[in-house]
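Q: the sequence and its predicted three-dimensional model are supplied below.
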Amino acid sequence: MTSQTPAIEVTNLRKTYQRAFRRTGNIALRGMDLSVPQGSAFGLIGPNGAGKTTFIKSLLGIVQPTEGTVRVLGGTPEDARIRARIGYLPERLHLPGSWTPTAFLATVRQLKGLKPDAPGHLKLLERVGLSDAVGRKIGGYSKGMRQRLGLAAALVGEPELLILDEPTDGIDPMGRMEVRRILQEEVRRGTTLFLNSHLLAETERVCDRVAILADGRVVREGRLEELVRGGSRWVARFAPGSSAEALALAGFTQARADGVYHVEAEDAAVLNGALDRARAAGALLVELRRDGMDLESVLLGTMGAGATRAEVAA
Ligand SMILES: Nc1ncnc2c1ncn2[C@@H]1O[C@H](COP(=O)(O)OP(=O)(O)OP(=O)(O)O)[C@@H](O)[C@H]1O
């Protein structure tokens, strides 16, 4: 695998779940194409039933595609050596209740064909906030604690690719922040992150690329900043007393009475030119931001007017 090889590459991926005693099956993926660059933090979003979990399971060889090709880390999901380089947190975790977390992590490590590393497991448990629960049986863990242990298991062996299906499900807001920090650390280490989360704010904070899956197809894909960018419009707020006429001459259009203006600028030079003219006319800039959308609005816009916020956030 060279540095140019995508971490994940699927072409024309189709999956139909056959149903017993029925002629037609459930179509989950209808010809999905996707390329995830190495080292990226990639978010998959889409409404319920779009095919996200089916896609993730296809990446791991858990679901057999009906048609199409899947390449992961330059190989196939069926190859055990490839799977050993992937850390996976499934949507529904099945953990052995009578085991201790260290015994569980040791087994995960063994299944990956790696040498034992008991001190490394204690560090991992500390990293996911479970140091106080090391001696307890997993059966007594809360939902959030189980999820944290699942994340620790996914991190065993410093994987090159982390595939996480709803990683913060059941985790409290403080815990979510800690998980986000861990994911960001992993991406800085060079790991490729593939995240399926219904918490769009989480995807927005962690990911640099996003794909929208709807009805088994990728309907939009790109850099997060490009998807959420509302074109070349900026929002500027000026201190009270700034002259509206001078600001209009500098290229700013008044948006609200409290000093909020819009300005069109396709690049930094144009933006700074407008700001220089405003300042030269005595206006004091208080706040400046791109007039962008959040990921929820992007998803709503992509899904069409019929989609509701509840549907897209589900
Ligand atoms: N084991 C299965 N047998 C039959 N149909 C299935 C199976 N798993 C998923 N499906 C169907 O495939 C479609 C896609 O489901 P999938 O779970 O991949 O979607 P999803 O985007 O992950 O949904 P959610 O956001 O609700 O978790 C749905 O219509 C679902 O009913």
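A: That came through, no problem. Residues are numbered from 1 along each chain as shown.
Q: isn't Val63 right next to Pro77, touching?
A: No - counting by CB atoms under 8 Å, Val63 stays clear of Pro77, with 9.4 Å between them. Heads up, the C-betas are built off the backbone N, CA and C, glycines and all.
Q: report whether the one helix or strand Glu204 maps to contacts the ligand.
A: Assessed by DSSP states H and E, Glu204 sits inside helix 200-206. No - using CB under 6 Å from any ligand atom, we find that helix 200-206 stays clear of the ligand, coming within 12.3 Å at best.
Q: would you mark the buried spots in that helix?
A: For helix 200-206, burial by neighbour count (16 or more other CB atoms under 10 Å) applies to Leu200, Glu202, Thr203, Glu204, Arg205, Val206.
Q: which residue packs closest to the third one, ignoring adjacent ones?
A: Here the nearest residue to Thr203 in space, its sequence neighbours aside, is Gly43; by CB to CB, 6 or more residues apart in numbering that works out to 3.7 Å.
Q: next: the fourth one.
A: If you skip the residues right next to it in sequence, Glu204 has Leu295 as its closest partner in space, 4.6 Å away by CB to CB, 6+ apart.
Q: report the contact partners of the one you found.
A: Ile45, Leu200, Ala201, Thr203, Glu204, Val210, Leu224, Leu227, Val228 (CB atoms under 8 Å, 6 or more residues apart in numbering).
Q: surely the residue nearest to Thr203 touches Cys207?
A: Yes - the pair Gly43 / Cys207 is scored as a contact, 3.6 Å apart, by CB under 8 Å.
Q: show me whatever sits in contact with both of those two.
A: Common neighbours of Gly43 and Cys207, counting by CB under 8 Å, 6+ apart, are Leu195, Leu224.
Q: how is this structure divided into domains?
A: The chain breaks down by the TED database into domains covering 6-224, 231-290.
Q: so which of those is the most surrounded?
A: domain 6-224 (a mean of 18; mean count of other CB atoms under 10 Å).
Q: just to be sure, Lys15 is in a strand?
A: Yes - according to DSSP: H, G, I helix; E, B strand; the rest coil, Lys15 belongs to a strand.
Q: wasn't Ile212 part of a strand?
A: Yes - counting by three-state DSSP, Ile212 is located in a strand.
Q: bridging residues for it?
A: Per DSSP bridges, the residues bridged to Ile212 are Ile45, Arg220.
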